[in-house]
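*Asks:* Let me see the structure of the following:
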Amino acid sequence: MCESSSGYIVNAEVYTGKVDDDPSYIRNLGVTGSLVVRLCKPFEGQYHCVFTDRFYTSVTLAEYLLDNHATVMVGTALTNRKLFPASLVKKKMDRGTSEMLFNGKVATVVWCDKKPIYFVATKYVSDDLQSVLRYNPQEHKRVPVPCPAVVKAYNEFMGGTDKNDQLTKLHRCRRHYKWPRRLVVKFFVWSLYNAYVLQNHYHPHRQPGKRDVTFHAFVSDVCHALVGAFRRAQEPMSRRSSQIDEARLVNAGSVPQHLPERPANATTNNRCVVCSQKYNQARRTSAGAKNSDWPKRTKTVYWCKSCQVFLCIGTGTDNCFEAYHTKVQFWR
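*Replies:* Have a look, this model is predicted:
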């Protein structure tokens, strides 16, 4: 159950299957009607108006909410529901025409847009006719079409739950997520969305001269605020095996053991092992520094013929090829 304009969740319930001897079950209303009553219970006696779609709407539910909870209701309806008047069911009507039947508490309304649409309401029943804009193919423009106040109110206030569903949709990046995990994540997203709506109440998200604060940006700010200055504990770098160290450091005899070579399948997308290791070490030891302050990860097309490791070739201290084959800790 959501607030109509913002989509703020005011009540929710997870369906867990049929429950025997459920004290909240109301026999005359069935499962769907009982659900609506439970969600509306925190707001009984306040004459709030609840808007429902046709899956939940019935004449019996409208009467029950009005008599027992002082809650009024407006919703689209199915014509095969109990107590819905068969005389109101129309096969053909002219656009903009409407009819209403009222039993003293609940009104049933039929209004024709492209086809007849049916409503059950305990509010806006005696209000004057309103109008909505609809496209007219003969005039090639939108023209006002008369409609009951029930229709106008439903079109204006029924979108709260739809808005919430659109903004809190879970983007499943991993297909094997099971439903309990998705449900927990959905609760977190709901909580974030409610916080987003509350923030807009105190600090409007749309201000002149500033970029609008979107829900995506709000979630990103919350995540960064929760993480704060925390960084992963520095872990000692794992030593390479002694056999590999011995192989790359051996360079004895009259014939060189390590020679630079450009392999036939080399591309310009291979990073130098020494430069990459220097970059990773800098990130671990100085997490607060800027990316521009860390060593550059150079790309190269040359590797060592015997080690088959890509290395950049330079002069002096920038000669990664020499450092890799002469130092145990070549990243220093």
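
*Asks:* show me where the stretch 51-200 of the chain has strands.
*Replies:* Ranges of strands in the stretch 51-200 of the chain, per DSSP state E, counting those that start in this stretch, are 72-76, 98-102, 107-112, 116-121, 130-136, 141-147.

*Asks:* looking only at pLDDT, what's the mean for the third one?
*Replies:* Taken as a whole, strand 107-112 has a mean pLDDT of 95.

*Asks:* Which one of the strands of the stretch 51-200 of the chain lies nearest to Q281?
*Replies:* strand 72-76 (63.8 Å; C-beta to C-beta). Glycine gets a C-beta too; all of them are placed from N, C-alpha and C.

*Asks:* helices or strands next to the closest one in the packing?
*Replies:* Contacting strand 72-76 under the criterion 3 or more C-beta pairs under 8 Å, 6 or more residues apart in numbering; DSSP states H and E are the following elements: strand 49-52, helix 59-69, strand 116-121, helix 149-157.

*Asks:* which parts of stretch 301-320 are buried?
*Replies:* With burial defined by 16 or more other C-beta atoms under 10 Å, the residues of stretch 301-320 counted as buried are Y302, W303, C304, S306, C307, V309, F310, L311, C312, N319, C320.

*Asks:* Just the ones of these in helices?
*Replies:* C320 (DSSP state H).

*Asks:* Just name the closest of the buried residues of stretch 301-320 to W331, please.
*Replies:* C320 (9.7 Å).

*Asks:* For the closest one, which non-adjacent residue is spatially closest?
*Replies:* V274 (3.7 Å; C-beta to C-beta, 6 or more residues apart in numbering).

*Asks:* Give me the residues contacting whatever helix or strand the one you found lives in.
*Replies:* Using DSSP states H and E, V274 falls within helix 273-285. Residues from elsewhere that reach helix 273-285, judged by C-beta atoms under 8 Å, 6 or more residues apart in numbering: 234-235, 237, 289, 293-298, 309-312, 320, 323-324, 330-331.

*Asks:* on that earlier part again, around the residue nearest to C320, count how many other residues there are.
*Replies:* If you count neighbours by other C-beta atoms under 10 Å, V274 ends up with 25.

*Asks:* Need the per-residue pLDDT for it.
*Replies:* On the pLDDT scale, V274 gets 89.

*Asks:* Tell me how far it lies from N265.
*Replies:* Distance, V274 to N265, by C-beta to C-beta, to the nearest Å: 21 Å.

*Asks:* quick one on the thing from earlier: would you mark the buried spots in the helix holding V274?
*Replies:* So for helix 273-285, counting by 16+ other C-beta under 10 Å, buried means V273, V274, C275, S276, Q277, K278, Y279, Q281.

*Asks:* now stretch 199-216: how far from the chain's centre is it?
*Replies:* 18 Å (C-alpha atoms, centre = their mean, to the nearest Å).

*Asks:* start the count at 709, not 1, going forward
*Replies:* Sure, I'll start counting at 709 from here, so that last one is stretch 907-924.

*Asks:* how far does that stretch stretch from start to finish?
*Replies:* 14 Å (C-alpha to C-alpha, to the nearest Å).

*Asks:* Need the buried residues of stretch 1009-1028 in TSV (columns: pLDDT and distance to A770).
*Replies:* Shown next, in TSV, are the buried residues of stretch 1009-1028 (pLDDT from 0 to 100; distance: C-beta to C-beta, whole Å):
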residue	pLDDT	distance to A770
Y1010	88	79
W1011	88	77
C1012	89	81
S1014	84	84
C1015	86	80
V1017	89	76
F1018	90	74
L1019	90	78
C1020	88	77
N1027	84	84
C1028	89	78
